[in-house]
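*Asks:* here is my input; please provide its structure:
(2 chains)
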There are 2 protein chains.
Amino acid sequence: MLIRNLDATPLKPVQMDGVQGASMAVMVGRADGAPNFALRQFRVEPGGHTPRHAHDYEHEVVVLSGRGTITLGEKDHPLRPGDVLYVPANETHQFRSAPDQNDGLRFICLVPVSRNCGDPTPGS
Amino acid sequence: MLIRNLDATPLKPVQMDGVQGASMAVMVGRADGAPNFALRQFRVEPGGHTPRHAHDYEHEVVVLSGRGTITLGEKDHPLRPGDVLYVPANETHQFRSAPDQNDGLRFICLVPVSRNCGDPTPGS
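*Replies:* Next up is the predicted model:
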């Protein structure tokens, strides 16, 4: 068993093409022995965004604080605290943090630890 | 894709032996096509608790608000907002909501959608 607090865990900048001002920490993942899914914390600075991309595994997301949008395909959906999202595999998506706020967008994002018949999922 | 808000989703009382004052809503689960894991919202009234039990699948948990304890085996651990927990399969556990608070303990709890070589996980 492990207990870690979101506020006491240092985040690292996400280094990927198409990212601006996003950082991440794996809260529970493969390194902890999680057998099925990994729980990650993200923060996106005001005006920042995650990459616009798609991949062969799903996301489940909980917005913790802040405001922003998620772009799915060609459509934008507003995000607010308490929103829970299911982003199916292979659906193009991008998170954007609203520019006019102090602390940015903060959310939990889960992925399966394995993809494609057993390969490790990136960031799991 | 789906977006649902935690505050706009009705919860149903958890009907299990050993439960007091706990309610639950599946936010993303098998019925939504989630292929690997289910995301559920729990609220435990002040002084209430979930069952003391163990099962053959893991939990990953995020405490959203309130205070309480988790008992793991014979040991109690305090809980506060932002705590992220990994409860491995087959580890006896129980969530308790502190009695001296207004709104009780509120948390996200994830489970794999399948257990035991493909059986549906209860509450997924």
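
*Asks:* tell me the residue furthest from the middle of chain A?
*Replies:* Distance from the C-alpha centroid of chain A, by C-alpha atoms, centre = their mean, peaks at A:M1 (23.2 Å).

*Asks:* low-scoring stretches of chain A, by residue?
*Replies:* Counting by pLDDT under 70, chain A contains no low-confidence range.

*Asks:* residues of it that sit close to chain B?
*Replies:* A:1-8, A:27-28, A:32-37, A:39, A:41, A:58, A:60, A:62, A:70, A:72, A:77, A:79-80, A:82-89, A:91, A:93, A:108, A:110, A:112 (C-beta under 8 Å from any C-beta of the partner chain). Every residue, glycine included, has its C-beta placed from N, CA and C.

*Asks:* one more time with 6 Å, if that's ok
*Replies:* Counting by C-beta under 6 Å from any C-beta of the partner chain, chain A comes close to chain B at A:1-7, A:27-28, A:32, A:36-37, A:39, A:60, A:72, A:77, A:82-87, A:112.

*Asks:* name whatever forms a beta bridge with the most centrally placed residue in chain A.
*Replies:* The centroid of chain A falls nearest to A:C109 when counting by C-alpha atoms, centre = their mean (3.9 Å). Beta-bridge pairing for A:C109 (DSSP bridges): A:R40, A:V61.

*Asks:* hmm, it is touching A:E60, no?
*Replies:* No - with contact defined as C-beta atoms under 6 Å, A:C109 does not reach A:E60; the gap is 7.6 Å.

*Asks:* before we move on, back to that, and the residue nearest to the centre of chain A, how far is that from B:V62?
*Replies:* A:C109 is 12 Å from B:V62, where distance means C-beta to C-beta, to the nearest Å.
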